[in-house]
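# Predicted model, plus sequence, below.
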Amino acid sequence: MQIELIIGIARNCKIIEVFQMKTVPLKAALPLLLAVTLPGAALAADHREAPLIQTDSRADINDVYAFRNATGDALVVAMTVNPLASPEEAPTYTFDPNVAYDFLFDRNGNGKANRRIRVTFSDPTMGPQTFNVLLPGGESFDGMVTEPSVAALPNEAVINAGPNGELAFAGPRDDPFFFDVVGFQRFLGGIGAFDGTDGFAGKNVSAVVLEVPLTTVAGGSDSVQVWGTTSRRRVSVRLEGETEISFGRYQQIERMGNPAVNTALIPAELKDLYNVSTPETDAAVFAPSIVDSLTALGTDAENIGILASVAVPDTLKIDFSAEDGYPNGRRLEDDVVDTLFFFIFNQTSVPDGVDANDKAFLDHFPYLAAPHQPE
């Protein structure tokens, strides 16, 4: 197996930093990753879950969602980045023009993408930010980003339409993830328990939300697997006093399917490697570590098997003949933490006390609640 690592080089000249991706064998890559691994991040769905991505918030995927619309003829997919965004600093949270934000779809169940929707953005320093949605088959359409604001009320959501009935939104929203993250850390450390405090209440994210016909992503298949990735150009050059110049093909730096897999089940020394790998490698490369993590939490063999069917490969799996609701896809309102805990602790209820988001979700596109504004 070959992967591509990010290598940083410092120069004492006009060029301050050069970052280039280099392809190396997996066995050679692991010692390099171990050498630069830092202590793990705070436990969450996927917020700041790995050392390298912690410094790249615009490419840090917090959560991925996938569910059908009310009429059942379209799939809604959402990806959030810029974790734990403060309403007081709203204008500083933008999308990166050097990052490709991808939704990937597997119709065969093998963890390999059959179709892709890619979203890329304009430079936010050059005026109001815009984006382009590249659909499977090559069609594309442009849209306007809903600008963040520190006004008392948020800007109205800009809904952009595509050529085949697609809808697209990009901009600030309330963080839809809800979980007593501090309580969980205390619970694992044996120094306390859940008290029902939502660690993500009052925080925003930057969201990309798409609604596309089922046929666009699933063809005639009765099921599909979905995950999200962010990718940077292979080479970035930062010039003194000038903006960053990026070129070359895109290289994946982050991925996410199910909540908390990388955060809670992948050991610290493998988190960065996990982010640059693909779901098709999960069974061979990462499943042993996932089993070890679950075993350490006291999960028995039966429930390890149940969880492995969800987490390996790490994709959201949707059977269109069944009702949506995690682990059949992931809706915004799904209490994924309680669902995962139920099986992690051998089908014993271990609720965190946070049963719903701090803001009500919308019943229409873009579905995520409006962002919090400064008081």
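Nice, thanks for sending it over.
# What is the subsequent helix or strand relative to the worst-scoring helix or strand of the chain on mean pLDDT?
Here the helix or strand of the chain ranked lowest by mean pLDDT, DSSP states H and E is helix 26-36, holding a mean of 32. Using DSSP states H and E, the next helix or strand after helix 26-36 towards the C-terminus is strand 63-68.
# ok, and what's touching that following strand?
With contact meaning Cβ atoms under 8 Å, 6 or more residues apart in numbering, strand 63-68 is reached by 45-46, 74-80, 103, 176-177, 214, 226-228, 256-257, 259, 316, 318, 320, 324, 329-332. Every residue, glycine included, has its C-beta placed from N, CA and C.
# Grab the most central residue of this structure for me.
residue 61 (3.1 Å; Cα atoms, centre = their mean).
# That residue and residue 290: what is the separation?
19 Å (Cβ to Cβ, to the nearest Å).
# Over to residue 197?
Distance from residue 197 to residue 290, by Cβ to Cβ: 28 Å.
# Have a look at those two and say which one is more surrounded.
Neighbour count, other Cβ atoms under 10 Å: between residue 197 and residue 290, residue 290 has more, with 22 against 14.
# quick one: pLDDT of that one?
The model reports residue 290 with a pLDDT of 96.
# Can I take it that it is in a helix?
Yes. Counting by DSSP: H, G, I helix; E, B strand; the rest coil, residue 290 is found in a helix.
# And for it, nearest residue in space, chain neighbours not counted?
residue 265 (4.7 Å; Cβ to Cβ, 6 or more residues apart in numbering).
# picking up where we left off before, wait, isn't the residue nearest to the centre of the chain in contact with residue 256?
Yes. Using Cβ atoms under 8 Å, residue 61 makes contact with residue 256 at a distance of 4.4 Å.
# Would you mind finding the longest strand in this structure?
strand 223-239 (DSSP state E).
# Phi and psi next, for the nearest residue to residue 85 once chain neighbours are set aside.
Nearest non-adjacent residue to residue 85, counting by Cβ to Cβ, 6+ apart: residue 204, 4.2 Å away. When read as degrees, to the nearest 10, the backbone of residue 204 gives phi -110, psi 170.
# ok, residue 204 - how many residues close by?
With other Cβ under 10 Å as criterion, residue 204 counts 27.
# Partner strands of the helix or strand hosting residue 118, with direction?
Assigned by DSSP H and E, residue 118 falls within strand 115-121. Sheet pairing for strand 115-121, assigned by DSSP bridges, gives strand 99-106 (antiparallel), strand 130-134 (antiparallel).
# Against residue 127, how distant is residue 79?
For residue 79, the distance to residue 127 - Cβ to Cβ - is 24 Å.
# So which of these two has more stuff around it?
Ranked by neighbour count (other Cβ under 10 Å), residue 79 and residue 127 place residue 79 first, with 26 against 8.
# Tell me which helix or strand that one sits in.
Per DSSP H and E, residue 79 falls inside strand 74-85.
# Look up which residues are beta-bridged to residue 116.
Here residue 116, judged by DSSP bridges, has bridge partners residue 104.
# er, residue 255 actually
With DSSP bridges as the rule, residue 255 is bridged to residue 229.
# Give me the phi and psi angles of the residue nearest to residue 290.
Taking degrees, to the nearest 10 as the convention, residue 265 sits at phi -110, psi -20.
# so how far is residue 59 from it?
Residue 265 is 22 Å from residue 59, by Cβ to Cβ.
# got the contact list for the strand holding residue 118?
Contacts of strand 115-121 (Cβ under 8 Å, 6+ apart): 77, 94-97, 99-105, 107, 129-136, 145, 168, 170, 208, 210, 212, 216-217, 219.
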